[in-house]
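Asker: Below are the sequence and a predicted model for it; my questions follow.
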Amino acid sequence: MDNVKDAQTLEEILKIVSDYEASINELREKRSPLSTLKFEYEKLRARAELQSDYESLNTIKNALKVIETAIEIEKGNPTINKIDKIEVLLNYYNTQLSVIVTKLDSYTKDSYKIRASEILQRAKSIENLILLGERHNKFLPGYTDFTDSMKIRLDKARDLVVKKDLDAADNQVRALFDEWRQVSEKYDEDPFGSESGYSLDELKRIEYRNKLDDLSNFVTTFYNADFDSERFIDMTDDAYQKIDLGNFDDADKKLNEIRNYVADQIELNHKKILFDISYNPITQTWVMNGAVDKELFDRRENLYLTVYDMQGIQHSTLEFSDTKDGDFFTQWFAPTEPGLYVVKLQWRNAVASQIVDVAEKPTLTAKTPPPSRDYTQNVDLARQYEDLQNFINVFGSSGYNSNKAKFDSVMTDIENALHDKDISSAKSKIKELQSLIERYLPTRSKVGILDAYVDDGKLYLSGAIYKTVAFPEDLYVDIFDQSGERIDEIPLKDNASGHFNQVLSKSYGPGVYVAQLEYHELTVSDFFRID
């Protein structure tokens with residue numbers, strides 16, 4: 001490596017590499033057969049210990065002793081008689097090597113059969129539970145849809161066993177059993193609580209919707225005049241859509257964003273009171289310190305603290321005093337239930353408040369299985385659909401309004417497919433929506449036109465604008481991706497009659513794009529798609 005670092009040319013590096021490979025090959029040719037045999041037996045010793053095969057382990061230990069003796073003899077001047085004895089033993093243990101390998105391999109095959117059988121037995125147990133559940137609950141809303149889905153995924157788990165992918169099959173069966181337990185408990189608890197029935201996704205939707213409802217009730221209870229209701233509604237609508245589409249990753253992020261926004265907006269400030277609250281994890285208490293604006297520093301005064309939960313119910317109260325200088329410090333035991341809490345502090349007639357956010361404790365599990373491929377695909381498609389929705393809102397203008405029925409029917413189909421995790425239908429309908437965007441959304445004008453398309457890694461831009469002056473001008477075309485972000489600005493120059501034509505090498509990723517040209521009061525656009 002030092003020689004390679006010091007090399008100045010490619011030829012020098014290649015020569016060093018060539019010399020290195022030649023020396024390694026020479027070492028391989030000179031390698032002692034005894035060392036090779038010792039290495040193989042040491043590998044087998046580890047396997048035998050793992051399999052608890054004490055008979056093979058005893059043979060391996062004896063073989064290693066003979067090999068060590070042979071290595072020592074090789075270094076000295078042994079007698080002919082001693083060499084003969086060692087050679088006989090080496091030949092024996094050389095032949096035993098393959099015997100032990102075969103024996104240990106058989107254990108691996110047996111363990112595979114045992115594990116595969118155990119997975120299939122658990123799958124059959126779940127299937128029996130499904131059949132028993134259908135006998136009693138098949139008239140409950142959505143129950144047969146849930147069990148049909150379980151059966152399909154059980155068959156996929158069995159296929160994985162046949163394909164010898166036992167880890168994936170094991171994870172699938174464990175996940176199915178956990179899903180069966182959760183959904184069955186919900187059916188027992190509230191059989192008619194959901195018109196569409198229950199599934200693991202529906203349980204998550206219910207959980208997230210309840211959290212959003214709690215936040216809405218919290219805002220209603222502690223609303224103040226400075227609270228931006230429109231932004232809050234937009235954020236919650238966005239969260240509800242992510243939940244309906246099954247995009248729980250982004251729904252969780254949006255929920256945290258809403259919590260932070262609400263916490264910032266609900267707080268009340270008062271010019272006479274300054275205070276701050278922090279959490280002390282060691283003592284598990286909330287610590288508050290601050291000051292009040294006193295005119296006279298002659299005596300201590302009382303302050304009153306009240307904590308309210310998200311429903312507006314009084315959680316706890318506290319009375320304490322400041323110093324003569326108006327400073328104060330106090331602490332109290334923290335609320336334990338997750339949620340937002342309003343801490344109101346009153347001094348004389350002045351009232352200020354802050355929000356305490358008690359986060360949910362993470363659930364500790366032995367091993368959290370990775371998200372399924374279907375879930376990951378569904379999230380990616382949901383994000384793509386949300387980008388296209390935003391794209392239509394920003395660039396749709398009259399093109400969308402004139403063809404609203406065409407767009408809305410396709411968008412409804414996409415939402416239903418994503419809700420049901422129908423990956424194939426969602427993909428085809430998203431492509432159909434992209435085609436509608438290309439066809440109906442471009443902005444046309446009688447006094448200007450723009451044509452844009454990509455072919456073989458090249459962006460072709462052409463068009464013309466009506467001009468009142470007959471000389472070339474600088475024009476600019478902006479390129480936006482389907483999330484609505486401007487990703488490129490392309491300068492052009494037309495001719496005296498207003499025509500332009502340009503070909504550029506561009507490497508945009510898959511998706512729908514809009515090319516937009518603005519010239520004085522004129523705006524024209526064209527859409528193109530890259531698959």
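Answerer: Structure received. Numbers count the residues shown, from 1 in each chain.
Asker: which helix of the chain spans the most residues?
Answerer: helix 80-137 (DSSP state H).
Asker: Go ahead and name everything in contact with the next helix or strand after it.
Answerer: Downstream of helix 80-137, the first helix or strand assigned by DSSP states H and E is helix 143-162. Around helix 143-162, the neighbours that count as contacts under C-beta atoms under 8 Å, 6 or more residues apart in numbering are 116, 119-120, 123, 126-127, 130, 133-134, 137-138, 166, 168-169, 172-173, 176, 179-180, 183, 187, 197-199. Glycine gets a C-beta too; all of them are placed from N, C-alpha and C.
Asker: Mark which of those residues are buried, thanks.
Answerer: 116, 119-120, 123, 126-127, 130, 133-134, 137, 169, 172-173, 176, 179-180, 183, 187, 197-199 (16 or more other C-beta atoms under 10 Å).
Asker: Okay, helices next: where are they in the stretch 351-500 of the chain?
Answerer: 373-395, 397-402, 404-419, 423-440 (DSSP state H, counting those that start in this stretch).
Asker: Dump the shortest one to PDB, restricted to CA.
Answerer: This file holds the C-alpha atoms of helix 397-402, laid out as PDB (Å, rounded to 0.1, in the frame of the first residue of the first chain):
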ATOM      1  CA  SER A 397     -55.400  26.500 -13.400                       C
ATOM      2  CA  SER A 398     -58.300  26.300 -16.000                       C
ATOM      3  CA  GLY A 399     -57.000  23.000 -17.400                       C
ATOM      4  CA  TYR A 400     -58.000  21.100 -14.300                       C
ATOM      5  CA  ASN A 401     -61.300  23.000 -13.800                       C
ATOM      6  CA  SER A 402     -62.400  22.200 -17.400                       C
END
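Asker: Which parts of this structure belong to which domain?
Answerer: 31-194, 200-265, 267-358, 373-440, 448-530 (automatic domain parsing).
Asker: Tabulate those domains (CSV), appending distance to residue 1.
Answerer: Output for the domains of the chain, formatted as CSV (distance: least, C-beta to C-beta, whole Å):
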stretch, distance to residue 1
domain 31-194, 23
domain 200-265, 43
domain 267-358, 48
domain 373-440, 40
domain 448-530, 36
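Asker: Mean pLDDT and distance to residue 21 added to those domains, as CSV?
Answerer: Output for the domains of the chain, formatted as CSV (pLDDT from 0 to 100; distance: least, C-beta to C-beta, whole Å):
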stretch, mean pLDDT, distance to residue 21
domain 31-194, 84, 16
domain 200-265, 92, 48
domain 267-358, 89, 58
domain 373-440, 89, 42
domain 448-530, 89, 38
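Asker: For residue 10, find the nearest of the ones you listed.
Answerer: Evaluated with C-beta to C-beta, these place domain 448-530 nearest to residue 10, the distance being 29.0 Å.
Asker: Okay, the residue nearest the centre of the chain and residue 123: tell me how far apart.
Answerer: Central residue of the chain (C-alpha atoms, centre = their mean): residue 249, 5.9 Å from the mean position. Plainly put, residue 249 is 29 Å away from residue 123 if you go by C-beta to C-beta, to the nearest Å.
Asker: which residues touch the helix or strand containing residue 503?
Answerer: Here residue 503 is covered by strand 499-505, with elements defined by DSSP H and E. With contacts defined as C-beta under 8 Å, 6+ apart, strand 499-505 is touched by 457-464, 475, 490, 492-494.
Asker: and which of those is nearest residue 302?
Answerer: residue 490 (68.7 Å).
Asker: Can you give me the neighbour number for the closest one?
Answerer: 17 (other C-beta atoms under 10 Å).
Asker: swap in the one 3 residues further on?
Answerer: Using other C-beta under 10 Å, residue 493 has 10 neighbouring residues.
Asker: isn't it right up against residue 475?
Answerer: Yes: taking contacts as C-beta atoms under 8 Å, residue 493 lies within contact range of residue 475: 6.9 Å.
Asker: What residue, apart from its backbone neighbours, is nearest residue 86 spatially?
Answerer: residue 70 (5.0 Å; C-beta to C-beta, 6 or more residues apart in numbering).
Asker: if I pick that neighbour, what's in contact with it?
Answerer: Counted by C-beta under 8 Å, 6+ apart, residue 70 has contacts 34, 86, 90.
Asker: Same list (those residues) but as TSV, adding distance to residue 74 and neighbour count.
Answerer: Listed next are the contacts of residue 70 as TSV, based on distance: C-beta to C-beta, whole Å; neighbours: other C-beta atoms under 10 Å:
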residue	distance to residue 74	neighbour count
34	7	16
86	9	17
90	11	18
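Asker: contacts for stretch 196-213?
Answerer: 140-143, 145-146, 149, 179, 182-183, 186-187, 194, 236, 239-240, 243-244, 246, 248, 251-252, 255, 258, 421.
Asker: What's the PyMOL line that selects buried ones from the residues you listed?
Answerer: Buried members of those can be picked out in PyMOL with the line below, counting by 16+ other C-beta under 10 Å:
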select buried, resi 140+141+142+143+146+149+179+183+186+187+194+236+239+240+243+244+246+248+251+252+255+258+421
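Asker: Please flag which of the contacts of stretch 196-213 sit within strands.
Answerer: Here DSSP state E is the test, and the contacts of stretch 196-213 give no hits in strands at all.
Asker: for the longest helix of the chain, packing partners?
Answerer: helix 33-51, helix 54-75, helix 143-162, helix 166-189 (3 or more C-beta pairs under 8 Å, 6 or more residues apart in numbering; DSSP states H and E).
Asker: Work out the gap between it and the centre of the chain.
Answerer: Centre-to-centre, helix 80-137 and its host chain are 37 Å apart (C-alpha atoms, centre = their mean, to the nearest Å).
Asker: Also stretch 480-491?
Answerer: 26 Å.
Asker: Make a markdown table from the helices of the stretch 351-500 of the chain and add distance to residue 323 and mean neighbour count to it.
Answerer: Shown next, in a markdown table, are those (distance: least, C-beta to C-beta, whole Å; neighbours: other C-beta atoms under 10 Å):
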| stretch | distance to residue 323 | mean neighbour count |
| --- | --- | --- |
| helix 373-395 | 54 | 18 |
| helix 397-402 | 63 | 14 |
| helix 404-419 | 59 | 17 |
| helix 423-440 | 64 | 18 |
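Asker: Export those helices as CSV, with columns for distance to residue 95.
Answerer: CSV is the format used below for these (distance: least, C-beta to C-beta, whole Å):
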stretch, distance to residue 95
helix 373-395, 48
helix 397-402, 80
helix 404-419, 63
helix 423-440, 56
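Asker: Can you say which of the ones you listed is nearest to residue 360?
Answerer: helix 373-395 (21.2 Å).
Asker: Show me what that closest one is packed against.
Answerer: Helix 373-395 packs on helix 229-244, helix 248-266, helix 404-419, helix 423-440, strand 474-480, strand 511-519, going by 3+ C-beta pairs under 8 Å, 6+ apart.
Asker: is it possible to export the ones you listed to TSV including distance to residue 10?
Answerer: Below are the helices and strands packed on helix 373-395 laid out as TSV (distance: least, C-beta to C-beta, whole Å):
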stretch	distance to residue 10
helix 229-244	53
helix 248-266	47
helix 404-419	53
helix 423-440	47
strand 474-480	40
strand 511-519	40
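Asker: Relative to residue 387, which of the ones you listed is closest?
Answerer: strand 511-519 (7.7 Å).
Asker: can you state the direction angle for the helix or strand following that closest one and helix 373-395?
Answerer: For strand 511-519, the following helix or strand on the C-terminal side (DSSP H and E) is strand 522-530. Counting by axes from the mean of the first three to the mean of the last three C-alpha atoms, to 10 degrees, strand 522-530 points 160 degrees away from the direction of helix 373-395.
Asker: Partner strands of strand 522-530, with direction?
Answerer: strand 511-519 (antiparallel) (DSSP bridges).
Asker: when you compare where the partner strand runs with where strand 474-480 runs, what's the angle?
Answerer: Using the same axes, to 10 degrees: strand 511-519 against strand 474-480 is 150 degrees.
Asker: Just the buried residues of strand 511-519, please?
Answerer: 511-517, 519.
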